[in-house]
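K.L.:
sequence first, predicted model second:
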Number of protein chains: 2
Amino acid sequence: MKVLLTVAYDGTDFCGYQVQPNLRTVEEELENALYKLLKKETKTVASGRTDSGVHALNQKVHFETDATIPASKYKEALNSLLPSDVKVVSSKKVSDNFNARYSAKTKTYRYSLYFGDFENPMLSRYKTLLKYPLDLEKMKEACKVIEGEHDFKCFLSSGSSVKDTVRTVYSIKMVKRGNLLDFYVKGNGFLYNMVRIIVGSLVAIGEGRLTVLDLETAIKTGDRKLAGKTMPAKGLTLYSVSYK
Amino acid sequence: MKVLLTVAYDGTDFCGYQVQPNLRTVEEELENALYKLLKKETKTVASGRTDSGVHALNQKVHFETDATIPASKYKEALNSLLPSDVKVVSSKKVSDNFNARYSAKTKTYRYSLYFGDFENPMLSRYKTLLKYPLDLEKMKEACKVIEGEHDFKCFLSSGSSVKDTVRTVYSIKMVKRGNLLDFYVKGNGFLYNMVRIIVGSLVAIGEGRLTVLDLETAIKTGDRKLAGKTMPAKGLTLYSVSYK
């Protein structure tokens, strides 16, 4: 049987999603809990990795098992074995040809900012501080430039070895509430650090340090140096993954 | 000069506000930072203590000093010396007869709940999980019973030695947004654990385990056993303190 888990985690104390020797990762915690439950090593496949410090509300993870536990029961069984910073939101049976990574159609990330003049302890765990007001109208213009299918090489962190840098960004939504500002970025897939660089570029435009034209040039030329800086991991959350 | 600080803290990793030997407290962190800045032991006076695990958005703390630093500069100076889970929101000069504790007129606490069927890592640091829906109309009725000047002995945790248990609760507001429910409880002062027991009683009424009449009896008789249970500390935040 193939089981699909929806998983939420607070990424603060994890060295990212993917297993790494001697480091605490979400994948390892999940596979440890599965091992305790099933008394058998069980490989998991996630929709994609998330970086060190990045959170998730609805990460998707599948695994195959010959155990007879009903798929819906994995939620409660695993939650009793998992640490408090990673939990299963839901579990269900999926067809054998389903793959959490390759069947994914869209992913939505949320990036959260707050405005203020000091690092507020009650906000700063999940949100990035901004000290200056932003020109939201300019930023909305910039969103339109990013939306669509483009070669997003300019939003790719140096050091990545990925070849194909063409992706589609379906939408970027900004939601402002009081001194909080959230971005919802939906695409068919993202390059390494891409969402954090998109938000960094939008913020630079909102602060007037970059123009919409600069951003167009960055996308056209694929020059990472023309785009904004990479925003901190803590403000980023894998918000949802959709499947065919 | 007397300086008034507004202080925010994430109470998770503190053993409460008040200094205790060999335990990490907010007060000690503040006084340590003041010592580093002023090279002199400086006593602080807060509007009141908060318990282990309780947070604050606007705790008020005063201190006296003969240093010549302008009052408004303490914010930045202390924030550079404080750990990330306690920070100064603002600092200002107050008159010599001001006292953060004795001049306080009202205090407002917020208690935060979320509805779900598992401990969500992205919510559970600052909010308490509720697994069952609540009858909000019944709870609003119950709020009316609590509001006003009463002997609140029934909301006093056993073990407290306080004599005068008469307090005034000015208002209890409930704000529901999606699967989140916040209570704002405003009063002239609160007994030990009082807000957490008020919310525990309201939740018991919302779940149908307690009636509004039971609550009236609890208040009339002062019987702690007739009121609801004490809710966990992590959902509680000292929201604001007002002065004459």
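P.N.:
Noted; the coordinates are in hand. Predicted, not measured: the structure shown is a model, and the values here were computed from it. Numbers count the residues shown, from 1 in each chain, chains lettered A, B, ... in the order given.
K.L.:
measure the residue in chain A sticking out farthest from the centre to chain B for me?
P.N.:
In terms of distance from the mean C-alpha position of chain A, residue A:68 ranks first, at 32.4 Å (Cα atoms, centre = their mean). Between residue A:68 and chain B the distance, using Cβ to the nearest Cβ, to the nearest Å, works out to 23 Å. Glycine gets a C-beta too; all of them are placed from N, C-alpha and C.
K.L.:
also residue A:26?
P.N.:
10 Å.
K.L.:
residues touching that residue, list them.
P.N.:
When contacts are counted by Cβ atoms under 8 Å, 6 or more residues apart in numbering or on different chains, residue A:26 touches A:7, A:9, A:11, A:14, A:16-17, A:50, A:56, A:59, A:86.
K.L.:
just say helix, strand or coil for the residue farthest from the centre of chain A.
P.N.:
Of the three states, residue A:68 takes coil under DSSP: H, G, I helix; E, B strand; the rest coil.
K.L.:
do you know the pLDDT at it?
P.N.:
pLDDT, the model's per-residue confidence, is 95 for residue A:68.
K.L.:
how near is it to residue B:3?
P.N.:
Taking Cβ to Cβ, to the nearest Å as the measure, residue A:68 and residue B:3 are separated by 67 Å.
K.L.:
and what of residue A:6?
P.N.:
Residue A:6 is 50 Å from residue B:3, where distance means Cβ to Cβ.
K.L.:
up against chain B, what does chain A have?
P.N.:
Near chain B, the residues belonging to chain A are A:8-10, A:55, A:57, A:75-76, A:79, A:84-89, A:118-122, A:124-126, A:237 when assessed by Cβ under 8 Å from any Cβ of the partner chain.
K.L.:
next, residue A:113: phi, psi?
P.N.:
Here the main-chain torsion angles of residue A:113 (degrees, to the nearest 10) amount to phi -120, psi 160.
K.L.:
quickly list the domain ranges of chain A.
P.N.:
Using automatic domain parsing, the domains assigned to chain A come out as A:2-94, A:106-242.
K.L.:
need those in TSV with distance to residue B:226, can you?
P.N.:
Rendered in TSV, the data for the domains of chain A read as follows (distance: least, Cβ to Cβ, whole Å):
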stretch	distance to residue B:226
domain A:2-94	33
domain A:106-242	34
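K.L.:
how about the secondary structure of residue A:35?
P.N.:
Here residue A:35 takes the helix state, with states given by three-state DSSP.
K.L.:
so what's residue A:109 closest to, chain neighbours aside?
P.N.:
residue A:195 (4.5 Å; Cβ to Cβ, 6 or more residues apart in numbering or on different chains).
K.L.:
assign the one you found to helix, strand or coil.
P.N.:
The assignment at residue A:195 comes out as helix when based on three-state DSSP.
K.L.:
would you confirm that it contacts residue A:184?
P.N.:
No: look at residue A:195 against residue A:184 with Cβ atoms under 8 Å: they stay out of range, at 10.1 Å.
K.L.:
the two: which is more packed in?
P.N.:
Ranked by neighbour count (other Cβ atoms under 10 Å in any protein chain shown), residue A:195 and residue A:184 place residue A:195 first, with 27 against 16.
K.L.:
which residues touch that one?
P.N.:
For residue A:195, the contact set (Cβ under 8 Å, 6+ apart) comprises A:109, A:111, A:185, A:236.
K.L.:
one more: residue A:36?
P.N.:
Shown here is residue A:36, whose contacts under the criterion Cβ under 8 Å, 6+ apart are residue A:81.
K.L.:
before we move on, what about residue A:53?
P.N.:
Contacts of residue A:53 were listed using Cβ under 8 Å, 6+ apart, and they are A:11-12, A:14, A:16, A:232-234, A:236.
K.L.:
in strands only, show me those.
P.N.:
Counting by DSSP state E, the members of these that fall within strands are residue A:236.
K.L.:
next, format the contacts of residue A:53 as JSON lines and append neighbour count.
P.N.:
Supplementary listing: the contacts of residue A:53 in JSON lines, determined by neighbours: other Cβ atoms under 10 Å in any protein chain shown:
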{"residue": "A:11", "neighbour count": "26"}
{"residue": "A:12", "neighbour count": "16"}
{"residue": "A:14", "neighbour count": "25"}
{"residue": "A:16", "neighbour count": "19"}
{"residue": "A:232", "neighbour count": "17"}
{"residue": "A:233", "neighbour count": "18"}
{"residue": "A:234", "neighbour count": "18"}
{"residue": "A:236", "neighbour count": "27"}
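K.L.:
any idea which of the contacts of residue A:53 is closest to residue B:210?
P.N.:
Looking at the contacts of residue A:53 and their distance to residue B:210, the nearest is residue A:12, at 37.2 Å (Cβ to Cβ).
K.L.:
help me confirm that that closest one comes into contact with residue A:125.
P.N.:
Yes: in this structure, residue A:12 is within contact of residue A:125 by Cβ under 8 Å, at 6.3 Å.
K.L.:
what do the two both touch?
P.N.:
residue A:234.
K.L.:
that older thread, comparing residue A:6 and residue B:3, which residue is more hemmed in?
P.N.:
When residue A:6 and residue B:3 are compared for neighbours, residue B:3 comes out ahead with 24 against 19, by other Cβ under 10 Å.
K.L.:
mind listing what that one touches?
P.N.:
Contacts were defined as Cβ under 8 Å, 6+ apart; by that measure residue B:3 touches B:62-65, B:71, B:74, B:91-94.
K.L.:
whichever strand or helix holds it: partners in the sheet, and parallel or antiparallel?
P.N.:
Element membership of residue B:3, judged by DSSP states H and E, is strand B:2-9. Partner strands and pairing direction for strand B:2-9 (DSSP bridges) are strand B:55-64 (antiparallel), strand B:86-94 (antiparallel).
K.L.:
and those strands, which is most packed in?
P.N.:
Per-residue neighbour counts averaged over each of those give the maximum for strand B:55-64, namely a mean of 22 (mean count of other Cβ atoms under 10 Å in any protein chain shown).
K.L.:
what does the helix or strand following that strand contact?
P.N.:
Taking DSSP H and E as the definition, the helix or strand that follows strand B:55-64 towards the C-terminus is helix B:74-79. Defining contact as Cβ under 8 Å, 6+ apart, one finds that helix B:74-79 is touched by A:118-119, B:3, B:5, B:30, B:33-34, B:37, B:69, B:87-91.
K.L.:
rerun at 10 Å
P.N.:
The set of residues external to helix B:74-79 that reach it, using Cβ atoms under 10 Å, 6 or more residues apart in numbering or on different chains, is A:117-119, B:3-7, B:29-30, B:33-34, B:36-38, B:63, B:65, B:67, B:69, B:86-93.
K.L.:
which of the residues in it are buried?
P.N.:
B:74-75, B:77-79 (16 or more other Cβ atoms under 10 Å in any protein chain shown).
K.L.:
verify the stated contact: residue A:20 with residue A:51.
P.N.:
No: the pair residue A:20 and residue A:51 does not pass the contact test of Cβ atoms under 10 Å, sitting 11.7 Å apart.
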